Each structure stands twice: as C-alpha cells, then as structure tokens.
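> this one's structure only:
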C-alpha cells in the first residue's frame with residue numbers, strides 16, 4: 001500500500017514539477033519574424049507569403065500594434081507583449097532583418113524573448 005501512495009505521489013507531484021523546470025530552460029530558435037496582422041491576412045498561404053514579406057511592412061504601425069510571431073520549423077509561435085516591444089525596437093535598427101535567431105523561454109504556447117539577432 002505504501003508503494004502505491006509513493007507512486008501516486010511521484011506521478012502527481014514530482015513529474016509535473018520536473019516538467020515545469022524543463023519548460024523554463026531557454027531555447028534557441030532560427031526562423032522568420034512576422035507580424036500577427038499579416039499572419040491573420042495570409043493564413044492560407046503563409047509559407048509563400050513569408051518569402052515576400054518585407055521589414056517595412058513588419059514595422060508599420062498596424063503591424064507593430066498586432067504583435068509578432070516567429071515562423072520556424074514549419075510552425076508559427078507567438079511572442080508575449082513584452083517581447084513584442086523588444087522585437088519592434090530590434091526591427092527598427094538599420095541592419096536588422098526578419099530572418100533571426102532568438103533565445104526564448106517557452107511558457108505554454110507563448111514565447112518570452114531573451115535575445116534576438118539577425119541571421120548571418
């Protein structure tokens with residue numbers, strides 16, 4: 001009986017705690033930044049649209065207000081509000097590009113930006 005309680009404890013408390021720790025490990029993602037306004041407008045042809053999406057579009061007022069995502073490995077991942085501000089600042093730099101390497105914390109379905117740089 002004690003073994004059953006021990007197993008239940010491990011599965012209900014220890015494993016979920018470990019999963020939360022693993023979820024907070026920073027990860028590096030290489031992909032393309034795209035604003036959420038363009039994502040909404042081009043859901044059906046997003047893979048093709050990203051190839052022609054411009055930095056000028058991504059830093060327009062409407063785009064900045066909509067926030068940003070990164071398209072990487074065939075998947076679209078959204079950034080949190082604080083990260084959106086950092087990305088907008090980054091994109092306004094003269095030498096920045098939409099093809100980036102980011103270091104992030106993944107919190108559920110949302111990314112929290114730690115650092116960003118243009119791909120070489």
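Ah, there it is. Small disclaimer: the values here were computed from a predicted structure and weren't measured.
> average model confidence for the longest helix anywhere in the chain?
Of all segments of type helix in the chain, defined using DSSP state H, the longest is helix 81-91. Model confidence over helix 81-91 averages 97 on the pLDDT scale.
> just give me how far that helix sits from the chain centre.
Offset of helix 81-91 from its chain centre (C-alpha atoms, centre = their mean, to the nearest Å): 12 Å.
> elements contacting that helix?
In terms of contacts (3 or more C-beta pairs under 8 Å, 6 or more residues apart in numbering; DSSP states H and E), helix 81-91 is packed against strand 68-72, strand 110-118. Every residue, glycine included, has its C-beta placed from N, CA and C.
> looking at these, which is buried most?
Per residue and on average, the most neighbours among the helices and strands packed on helix 81-91 fall to strand 68-72, with a mean of 22 (mean count of other C-beta atoms under 10 Å).
> and that strand with helix 81-91, angle?
With axes from the mean of the first three to the mean of the last three C-alpha atoms, to 10 degrees defining the directions, strand 68-72 sits at 80 degrees from helix 81-91.
> strand 68-72: partners in the sheet, and parallel or antiparallel?
The pairing partners recorded for strand 68-72 under DSSP bridges are strand 27-35 (antiparallel), strand 75-79 (antiparallel).
> just those: most buried one?
Of all the strands paired with strand 68-72, strand 27-35 carries the top mean neighbour count, a mean of 18, counting by mean count of other C-beta under 10 Å.
> for the chain, give me the ranges with low pLDDT.
Along the chain, the parts satisfying pLDDT under 70 run over 1-3, 5-24.
> can you do 80?
For the chain, the stretches flagged by pLDDT under 80 are 1-24.
> quick one: secondary structure of residue 50?
Here residue 50 is recorded as helix under DSSP: H, G, I helix; E, B strand; the rest coil.
> from residue 91, how far off is the residue nearest to residue 87 when sequence neighbours are not counted?
Of all residues not flanking residue 87 in the chain, residue 68 sits nearest, at 4.7 Å (C-beta to C-beta, 6 or more residues apart in numbering). Distance, residue 68 to residue 91, using C-beta to C-beta, to the nearest Å: 8 Å.
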